[in-house]
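Engineer: Give the three-dimensional model of this entry:
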Amino acid sequence: MAGLVAVAPEAHATSQQCVTAAVQSGVPAELAQQACSLAAAGDIDECVDLLGGFMPAPLAHTACSMAAGLGGQPDQQGAGRVLTES
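Structural biologist: Sure thing, here's the model as predicted:
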């Protein structure tokens, strides 16, 4: 139980980042919340489909990835880590 309590705020925070990014791009708040909730539950493709009508697909994918807890742009972040560790 304690583990779930500790994880829940993080999941909410990343989902909220997704909603905020989507709303700033012109997505209606209710739709943004629905899409980001789907992503947080693991359905990133459905999230991207919903947001894609209102924002460019790469931005939609980034927002949905944040909601899923995968980070915004893992490729660039990973490359940065490799360069700094070398």
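Engineer: any weak-confidence spans in the chain?
Structural biologist: For the chain, applying pLDDT under 70 flags the ranges 1-13, 71-86.
Engineer: Please enumerate the helices of it.
Structural biologist: 2-24, 29-40, 44-52, 57-67, 74-85 (DSSP state H).
Engineer: Pull out the buried residues from the third one.
Structural biologist: Okay, so that is helix 44-52. Within helix 44-52, the residues that count as buried by 16 or more other C-beta atoms under 10 Å are Ile44, Cys47, Val48, Leu50, Leu51, Gly52. In this view, the C-beta of every residue, glycine as well, is placed from N, C-alpha and C.
Engineer: Tell me who's in contact with the nearest residue to Ser37 once chain neighbours are set aside.
Structural biologist: Nearest residue to Ser37 in three dimensions, chain neighbours excluded: Ser15, at 6.6 Å (C-beta to C-beta, 6 or more residues apart in numbering). By C-beta atoms under 8 Å, 6 or more residues apart in numbering, the contact list for Ser15 reads Cys36, Ser37, Ala39, Ala40, Ala67.
Engineer: filter those residues to the buried ones?
Structural biologist: By neighbour count, with 16+ other C-beta under 10 Å, the contacts of Ser15 hold Cys36, Ala39, Ala40, Ala67 as buried.
Engineer: on that earlier part again, ok, which pair from the buried residues of helix 44-52 is furthest apart?
Structural biologist: Among those, the pair separated by the greatest distance (C-beta to C-beta) is Ile44 and Gly52, at 11.8 Å.
Engineer: I'd like the buried ones among the contacts of Ser15 written out as CSV, with distance to Ala60 added.
Structural biologist: Shown next, in CSV, are those (distance: C-beta to C-beta, whole Å):
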residue, distance to Ala60
Cys36, 10
Ala39, 10
Ala40, 15
Ala67, 11
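Engineer: before we move on, the earlier item: between the contacts of Ser15, which is closest to His61?
Structural biologist: Ala39 (9.6 Å).
Engineer: So the closest one sits against Ala67, correct?
Structural biologist: Yes. Using C-beta atoms under 8 Å, Ala39 is in contact with Ala67, at 3.7 Å.
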